[in-house]
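Trainee: Build me a model from this:
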Amino acid sequence: MLKSADFQSSSARPMRIVLLACLLLLSVSAAWAQQVPLLRDLSLRTDTTRYSMSRNTVIVQGEPNVYFYYRQDDETAELLVYPQLVRSTAPLRLVRSADFQLIDSLTAVEGGQYYRAKLRFKDLGVNRFLSLSFRQLADSAGQAPLTQTVKLLPVTRTNLELRPADTELFIGEEKVFDLISNNVKNIRVSPEWTHGQDIDYRIEQDKGTLRLHVLPNALGTRLLTLRPQTERPFLTDNNRRVTYALPPIRQEFTVKAARLRFLSVDKKEITLDEAAQRRGVELILDNGRTFDLKRTYRIEDQEEAGGALIAELFTRQYLTNDRVLCWLRVFNTHRQTESYLYIKENDQAKYVTNFNISPKTSITTVSVRHRGSDWTTNTSVNPGETVDVRLEGQSLARARFHFEDVQIVPSDSSIRTDVAVVYRLQVPVTIDKKRITIYNAGQPTGHSLSVREFQRPHPLDFVGVTFGESPRPLTRLNGPVLYDRTIRDVVFSFNSGSIDSDQQLYGKQYLTFDIRTQNAKGELIEMRTVDNVVICPDGNSVRAAFYQDKQCQVGNISLNSLLNYRKTYDLDDWSTIIITVKHTQSQYQEPGFSQKLELVLQRRVKFDIDISFPAGLLTKQLTGTVDKNNYTAFSGISLATLAQFSFYNPNKINKLRPYKVGAGFVALNAFNLNNENQNRDLGIVVIGSVYPTRSDAKLTFPLYLGGGYLMNNGNFFFLFGPGIGVRL
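Mentor: Numbers count the residues shown, from 1 in each chain. Predicted coordinates for the structure are as follows:
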C-alpha cells in the first residue's frame with residue numbers, strides 16, 4: 001500500500017511540469033520578440049540627399065550608426081520608417097527626445113506600409129550619442145512590446161589650410177599665422193605647446209579666427225607638420241571609417257639664428273616687489289655654455305654698453321637637463337613686446353633672453369559707471385543695480401580680482417590691460433552689506449564699493465489728499481479745485497507701499513510742502529514751508545529693513561496743524577489755499593517732481609444789504625378804481641435799502657452773474673423835499689435788478705423790476721426803471 005505522503009507527492013509532479021512548461025514558453029516568446037527587429041529600414045533625407053539604414057551604416061565602437069552629413073546645427077530632416085511587421089491595431093511610435101524637435105508627428109502612410117515624420121535636430125555640432133528610439137505595442141495581452149533604437153552619426157565636411165605670407169623664422173621668436181577653415185567651430189584647439197619638435201606650435205581660436213602660434217627650436221630649413229583634429233568626426237575610405245584627424249598640413253620654414261643665442265627661462269612673469277629686489281626670484285635658465293657658477297651677470301634692455309640695469313642674474317648650480325639654477329634680482333620693469341633682454345659680462349652682451357617684469361599689482365583709482373551715465377569716481381552703488389566698475393593702476397592684467405558678495409556679469413565691452421580693467425557687476429537686490437570689498441587673489445586690495453540705498457524721485461502719485469471727501473492722488477488734481485462746502489481740514493496721506501517694486505527701487509522720498517493762503521482779492525494771509533518730510537517705503541519693499549529711520553513720516557499731515565493765523569474752516573468765501581508738494585532737490589542728483597494743489601472756497605450765492613438810488617422809476621399802482629389804475633409819471637431819485645441775493649458764475653472764480661434778487665424798502669422820490677410833493681411814499685418791495693457785467697466800473701446804472709406795497713397809499717404797485725450804483 002502507498003502511504004498518504006507518497007500519494008500527494010506523485011499528484012503534485014504533473015502540476016510542476018505544467019508550470020515549468022508555461023514559464024519556458026513565455027521566456028522563449030519574450031526572447032523571440034527581442035530578437036525580431038522592429039524596423040526593416042529607415043530613411044533620413046536632408047535637403048536633396050537621402051541616407052538609409054541599409055546603405056549608410058558605419059561601425060562606431062562596435063555598434064552600427066546611420067551617418068548623415070549636415071550643414072547647420074539645427075538641420076531639418078524628413079524621416080521615413082519601414083516597419084518589419086505591419087500592425088493595424090498597434091501603430092509605430094517615435095519616442096521623444098531632447099536631441100530633436102518633432103515638427104510633424106510620425107504618421108502611417110499606405111495603411112502602415114511605412115511611416116513619415118519631420119524632425120528638426122538641436123545643436124548637432126556639440127550633441128553626442130544621437131539616436132532615434134521606436135516602440136510598438138503588442139496586439140494581444142501577454143506579448144511584450146517591440147522596441148528598437150537606431151543610433152545616428154551626424155558628420156560634416158571640414159577643411160583647414162595654412163597660407164603663410166612669410167616663411168622666415170628666428171630662434172626664440174614666436175610668430176602667429178592665420179588658419180583658413182570652412183568650419184572654425186569644428187577645429188579642436190589647445191592652449192598647450194607641442195614639445196620636442198623642430199618647430200613647436202599651438203592652435204587657438206580668437207574672436208572666430210583660428211591662429212597658429214609657432215616657435216622654432218632648430219636652425220635651417222625646417223618642416224612644420226600640423227596634425228589638426230576635429231570636434232565632430234568625418235568619414236574616410238568611401239564612407240566606411242570614422243576619424244577625427246584632418247589631413248596633415250606641411251609647411252617649410254627657414255629658421256635663422258640671431259647674433260646672440262637665445263636662452264629661455266621657466267618663468268615668463270616676474271613681479272617687481274621688495275622680496276624680488278632683495279632676496280631675488282629662483283629662476284631656471286638654459287645653459288649658456290660659458291656661464292661661470294657663483295657669478296653675477298648684468299641684464300640690460302639694450303645690446304650696447306651703458307644700458308639701464310633691469311636685473312642681476314646670479315648662477316648657482318648646473319642641472320641635469322642642461323640648465324642652470326639662478327637667482328634673479330629685478331630692479332626695473334620690462335615688457336617682452338618692448339625689446340629683448342641682454343645678459344652681459346663686463347658690458348659685453350653674451351646672451352639674449354626675454355620675460356616680463358611687472359610691478360606689484362596696485363589699484364590707484366576706482367571708477368563707477370551707472371546705466372546711462374558717465375564714469376565717476378563716486379564708488380557708491382545701489383542694490384539691484386548693474387554697473388560697470390573700472391580699476392586703474394599697475395599690473396592689473398595678471399590680477400585675479402573678486403568683489404565680495406557681487407556677481408560678475410560677462411560682457412563684450414570688458415577691458416583688461418595692465419593699467420585698466422573693467423568689470424560689469426550685478427549687485428544683489430538683497431545685499432546686506434554697506435561696503436563691497438575688492439579682493440585680489442583672496443587678499444583685500446584696500447579699495448571697496450559703498451552700497452547706498454536708491455534715492456531717486458518717484459512720481460508724486462503716492463501722495464494722497466483729503467479735503468472733505470475720500471483720499472485722491474495728488475497728481476490727479478490739476479488746475480484750481482472749486483469746493484463749495486466748508487473745508488474742515490486738508491489732510492495729506494502717503495501710500496508708501498507703491499514707492500518700491502520688484503523691478504524699480506526709489507528709496508526714501510524727501511518732500512517739501514509750500515503752503516499759502518490768500519483771500520478773495522489775492523492778498524496773502526499766511527505762508528508756511530515744511531522741509532524734508534521723509535516718506536519711507538513700507539515693509540513690502542525688499543529693502544524695507546534698510547530704510548529704518550527716525551525721520552520717516554508716520555501718519556498723515558494735517559494742514560490746520562501747520563497754520564497759525566486762520567484755519568481752513570475760518571477762511572472767507574473765495575479764499576484760496578495753494579499747496580505745492582515737491583521733492584527736496586538737495587537730496588537728489590536728478591530733477592525731482594512737483595505738483596501744485598489750488599483749493600478755492602467756492603460759493604454759489606452771496607447775501608448782502610445794498611443801498612442804491614433808483615431814479616426815474618415808472619410805477620403802477622393796483623387799486624379797485626379805474627382812474628388810479630394808470631401809470632404814474634417818472635419819479636425822481638429814490639432811496640432803496642435791499643437785502644439782496646447775488647449769484648456766482650459756477651464756471652468762473654469769484655465772478656457774479658449780472659442779476660440780483662432781493663427784498664427791502666424803497667423810498668420813492670425821497671430826495672424831493674417839496675411839501676406839496678404827493679408822489680413820495682415808502683414801499684415794501686420784492687425787486688430784481690440787472691447790473692452791468694463790467695467788474696471794474698465804479699459808477700453803474702442798474703435796471704430794477706419788482707413790486708410791493710405802498711405804506712401811505714395802502715396800494716400794491718409795480719415798478720420799473722433805472723438806478724444809480726456807486727462801488728467804493
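
Trainee: Next up, identify which helix or strand residue 383 is on.
Mentor: For residue 383, there is no host helix or strand (DSSP states H and E).

Trainee: distance of it from residue 547?
Mentor: 11 Å (Cβ to Cβ, to the nearest Å). For glycine as for every other residue, the C-beta is placed from the backbone atoms N, C-alpha and C.

Trainee: residues contacting residue 250?
Mentor: 223, 224, 225, 226 (Cβ atoms under 8 Å, 6 or more residues apart in numbering).

Trainee: and with 6 Å instead?
Mentor: 223, 225 (Cβ atoms under 6 Å, 6 or more residues apart in numbering).

Trainee: so what's the backbone phi/psi at it?
Mentor: phi -120, psi 130 (degrees, to the nearest 10).

Trainee: What residues are bridge-paired with it?
Mentor: Beta bridges link residue 250 to residue 225, judged by DSSP bridges.

Trainee: Need the per-residue pLDDT for it.
Mentor: According to the prediction, residue 250 has pLDDT 92.

Trainee: ok, now residue 10?
Mentor: 44.

Trainee: Where do the strands of the stretch 501-650 of the chain begin and end?
Mentor: Listed from the start of the chain, the stretch 501-650 of the chain has strands (DSSP state E, counting those that start in this stretch) covering 509-518, 524-535, 557-558, 576-583, 594-601, 605-614, 618-622, 639-648.

Trainee: Dump those into a markdown table; add mean pLDDT and mean neighbour count as well.
Mentor: Shown next, in a markdown table, are the strands of the stretch 501-650 of the chain (pLDDT from 0 to 100; neighbours: other Cβ atoms under 10 Å):
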| stretch | mean pLDDT | mean neighbour count |
| --- | --- | --- |
| strand 509-518 | 92 | 20 |
| strand 524-535 | 89 | 14 |
| strand 557-558 | 90 | 16 |
| strand 576-583 | 92 | 20 |
| strand 594-601 | 89 | 19 |
| strand 605-614 | 74 | 15 |
| strand 618-622 | 70 | 17 |
| strand 639-648 | 78 | 18 |
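
Trainee: can you put the ones you listed in CSV and add distance to residue 234?
Mentor: Shown next, in CSV, are the strands of the stretch 501-650 of the chain (distance: least, Cβ to Cβ, whole Å):
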stretch, distance to residue 234
strand 509-518, 66
strand 524-535, 69
strand 557-558, 79
strand 576-583, 68
strand 594-601, 71
strand 605-614, 99
strand 618-622, 121
strand 639-648, 95
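
Trainee: Out of those, which gets nearest to residue 73?
Mentor: strand 509-518 (51.6 Å; Cβ to Cβ).

Trainee: export the closest one as CSV, just CAs?
Mentor: Coordinates of the C-alpha atoms in strand 509-518 are reproduced here as CSV (Å, rounded to 0.1, in the frame of the first residue of the first chain):
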residue,chain,number,x,y,z
GLN,A,509,11.3,110.3,-0.7
TYR,A,510,12.2,113.7,0.7
LEU,A,511,9.3,116.2,0.2
THR,A,512,8.8,119.9,0.7
PHE,A,513,5.4,121.5,1.3
ASP,A,514,5.0,125.2,0.4
ILE,A,515,1.7,126.4,1.8
ARG,A,516,0.0,129.8,1.0
THR,A,517,-3.5,131.0,1.9
GLN,A,518,-4.9,134.2,0.4
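
Trainee: Off-centre distance for it?
Mentor: 35 Å (Cα atoms, centre = their mean, to the nearest Å).

Trainee: Neighbouring strands - and their directions - for that strand?
Mentor: Assessed with DSSP bridges, strand 509-518 is paired to strand 524-535 (antiparallel), strand 576-583 (antiparallel).

Trainee: Looking at the strands of the stretch 501-650 of the chain, which is nearest to residue 450?
Mentor: strand 509-518 (19.9 Å).

Trainee: Residue 559: neighbour count?
Mentor: Residue 559 is flanked by 22 other residues according to other Cβ atoms under 10 Å.

Trainee: Quick check: the residue lying closest to it once chain neighbours are set aside vs residue 581, distance?
Mentor: Setting aside the residues directly before and after it, residue 559 is nearest to residue 490 in space (Cβ to Cβ, 6 or more residues apart in numbering), at 3.8 Å. As judged by Cβ to Cβ, residue 490 and residue 581 stand 11 Å apart.

Trainee: Residue 655 now?
Mentor: 29 Å.

Trainee: now swap in residue 658 and tell me
Mentor: Residue 658 is 39 Å from residue 581, by Cβ to Cβ.

Trainee: contacting residues for residue 191?
Mentor: Per Cβ under 6 Å, 6+ apart, neighbours of residue 191: none.

Trainee: mind listing what residue 511 touches?
Mentor: 533, 581.

Trainee: Just list whatever residues bridge to it.
Mentor: residue 533, residue 583.

Trainee: can you check residue 131 too?
Mentor: Beta-bridge partners, per DSSP bridges, of residue 131: residue 151.

Trainee: nearest to residue 409, of the strands of the stretch 501-650 of the chain?
Mentor: strand 509-518 (29.8 Å).

Trainee: could you give the angle of that closest one to strand 594-601?
Mentor: 30 degrees (axes from the mean of the first three to the mean of the last three Cα atoms, to 10 degrees).

Trainee: Backbone dihedrals for residue 185, please?
Mentor: According to degrees, to the nearest 10, residue 185 has phi -70, psi -20.

Trainee: Quick check: the nearest residue to residue 60 once chain neighbours are set aside vs residue 59, distance?
Mentor: Closest residue to residue 60 apart from its sequence neighbours, by Cβ to Cβ, 6+ apart: residue 242 at 5.4 Å. Distance, residue 242 to residue 59, using Cβ to Cβ: 8 Å.

Trainee: Show the contacting residues for residue 578.
Mentor: Contacts of residue 578 (Cβ under 6 Å, 6+ apart): 516, 598.

Trainee: ok, what's across the strand from residue 202?
Mentor: residue 213.

Trainee: Quick check: it touching residue 193?
Mentor: Yes. Assessed by Cβ atoms under 6 Å, residue 202 is found in contact with residue 193 at 4.9 Å.

Trainee: returning to that earlier point: distance to residue 206 for the strands paired with strand 509-518 - can I get that in TSV?
Mentor: Formatted as TSV, these follow (distance: least, Cβ to Cβ, whole Å):
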stretch	distance to residue 206
strand 524-535	54
strand 576-583	50
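
Trainee: mind exporting stretch 430-447 as PDB, just the C-alpha atoms?
Mentor: Extracted in PDB, the C-alpha atoms of stretch 430-447 (Å, rounded to 0.1, in the frame of the first residue of the first chain):
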ATOM      1  CA  THR A 430      19.000  91.700  -1.100                       C
ATOM      2  CA  ILE A 431      22.600  92.600  -0.300                       C
ATOM      3  CA  ASP A 432      23.000  93.200   3.400                       C
ATOM      4  CA  LYS A 433      26.400  94.900   3.400                       C
ATOM      5  CA  LYS A 434      27.300  98.600   3.400                       C
ATOM      6  CA  ARG A 435      30.600  98.000   1.700                       C
ATOM      7  CA  ILE A 436      31.800  95.700  -1.000                       C
ATOM      8  CA  THR A 437      35.400  94.800  -0.600                       C
ATOM      9  CA  ILE A 438      37.600  94.300  -3.700                       C
ATOM     10  CA  TYR A 439      40.000  91.300  -3.300                       C
ATOM     11  CA  ASN A 440      43.000  90.200  -5.400                       C
ATOM     12  CA  ALA A 441      43.800  86.500  -5.200                       C
ATOM     13  CA  GLY A 442      41.900  86.400  -1.900                       C
ATOM     14  CA  GLN A 443      43.600  89.400  -0.300                       C
ATOM     15  CA  PRO A 444      41.900  92.700   0.300                       C
ATOM     16  CA  THR A 445      43.200  95.500  -2.000                       C
ATOM     17  CA  GLY A 446      42.300  98.300   0.300                       C
ATOM     18  CA  HIS A 447      39.600  99.500  -2.100                       C
END
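
Trainee: Brilliant, that's me finished.
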